[in-house]
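K.L.:
Build me a model from this:
(one chain, ligands or ions: 1)
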Amino acid sequence: MRILITGVAGFIGFHLAKKLIEQGHEIVGIDNINDYYTPTLKRLRLSELDSKKFKFYESDINKIDNFDQNFDLVINLAAQAGVRIKKEQEINYINSNIYGFKNICNFCSRNKIKRIIYASSSSVYDDSNSEPFSESKTLIKPKSVYGMSKLFNEVYASAFASENNMSFLGLRLFSVYGPYGRPDMAYFSFTDSIKRDEVVRLHNDGSMARDMTYIDDVIEGISASIDYLIKEDLNGRNEIFNLGNNSPIMTSFLLNSLKENLNIEPKVKRINTSNESVFTHANLSKSKRILGYNPKTSFEDGIKEFLNWHKTYENL
Ligand SMILES: NC(=O)c1ccc[n+]([C@@H]2O[C@H](COP(=O)([O-])OP(=O)(O)OC[C@H]3O[C@@H](n4cnc5c(N)ncnc54)[C@H](O)[C@@H]3O)[C@@H](O)[C@H]2O)c1
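P.N.:
Residues are numbered from 1 along each chain as shown. Prediction:
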């Protein structure tokens, strides 16, 4: 298939493109290589995608209109990610996650591309009860602007799919981690700080928990979503799936695991945060039943894979 991946220089886009190229697909990627975190890492990822089967455009998704139009499927991963960003960066949620997403939808409709997979997030859920988060929950109130922008994607996709008779599949991703990961996420920034003997900023005494999901498992989940979308004609529908791990990890546990693996005592500064979910926890019944999604990587194995990669990365 000929597939467009937006945000291809990002953490998940890179791993997905690599896998799909290996499977023989032709991949066109787009990314604006913004400096939310170091563009050097984004360019490193791109350099590893070098292949006859891969073509890259450095561009914003808001300017996609005239470059390349012939795709079997579009996978939209480009976004301003992260819930903790500077106030002045919040405009990026609007520009990339809202206007950018709308532009991708219109691009697909104009060019008769019927299938779109897009990244939503566990941040659309709130943590007001202790049940694992299920896609069937209808009253959801995101705690962050980021979460709201992702919920907008889902609501917009439902209306757009039905108006234009297209098939949309939204993936609520839960704290994805692994090699080539995102330096702004706790597991990565804690590792950097511990190795540099800098202070680790630990929120709410480490009592928050995230359903950390290893990148290879998420990529398997996205592959299964592609197969499902190709096989099933959703005919004007937008289907939502959780891709998580059903095994939340407390931040204090994460910090301790990094301490033991690195054999360095971290310097810790404790901070209180109030506007973030205390925990995230995916109910995987639907994605297991329909997609055959089955995450296999334990946190202990996954974090070791990340730390092995980090050794090579820090020496670049
Ligand atoms: N990593 C996670 O734990 C996680 C969890 C939930 C949801 N998600 C979502 O998955 C997707 C991929 O996340 P990631 O972790 O790979 O993030 P990432 O920041 O590494 O990748 C996103 C990429 O999109 C690019 N981009 C941003 N705005 C753009 C624009 N307007 N035009 C073109 N390119 C643009 C960035 O340069 C970046 O390379 C995002 O939509 C994110 O919100 C990620």
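K.L.:
Dump whichever strand or helix holds Asn242 to PDB, restricted to CA.
P.N.:
Asn242 is located in strand 238-243, with elements delineated by DSSP states H and E. Taking only C-alpha atoms (Å, rounded to 0.1, in the frame of the first residue of the first chain), the coordinates of strand 238-243 have been written out as PDB:
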ATOM      1  CA  ASN A 238     -15.300   6.500  13.400                       C
ATOM      2  CA  GLU A 239     -14.100   3.700  15.700                       C
ATOM      3  CA  ILE A 240     -12.100   4.300  18.900                       C
ATOM      4  CA  PHE A 241      -9.600   1.800  20.500                       C
ATOM      5  CA  ASN A 242      -7.400   1.900  23.600                       C
ATOM      6  CA  LEU A 243      -3.800   0.900  23.000                       C
END
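K.L.:
need the contact list for Ser252.
P.N.:
For Ser252, the set of contacting residues under the criterion of Cβ atoms under 8 Å, 6 or more residues apart in numbering consists of 202, 205-207. Any C-beta I mention is one placed from the backbone N, CA and C, and that applies to glycine too.
K.L.:
now these as CSV including pLDDT and neighbour count?
P.N.:
Shown next, in CSV, are the contacts of Ser252 (pLDDT from 0 to 100; neighbours: other Cβ atoms under 10 Å):
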residue, pLDDT, neighbour count
Leu202, 92, 20
Asp205, 88, 13
Gly206, 92, 18
Ser207, 90, 12
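K.L.:
Can you list which of the residues you listed are found in strands?
P.N.:
Within the contacts of Ser252, membership in strands is found for Leu202, as judged by DSSP state E.
K.L.:
Among the contacts of Ser252, which pair sits farthest apart?
P.N.:
Among the contacts of Ser252, the pair separated by the greatest distance (Cβ to Cβ) is Leu202 and Ser207, at 9.6 Å.
K.L.:
which neighbours do these two share?
P.N.:
Overlap between the neighbourhoods of Leu202 and Ser207 consists of 251-252, taking contacts as Cβ under 8 Å, 6+ apart.
K.L.:
do the helix ranked longest in the chain and the ligand meet?
P.N.:
Secondary structure assigned by DSSP state H gives helix 145-164 as the longest helix of the chain. No. Against the ligand, helix 145-164 shows no contacts by Cβ under 6 Å from any ligand atom, the least distance being 6.7 Å.
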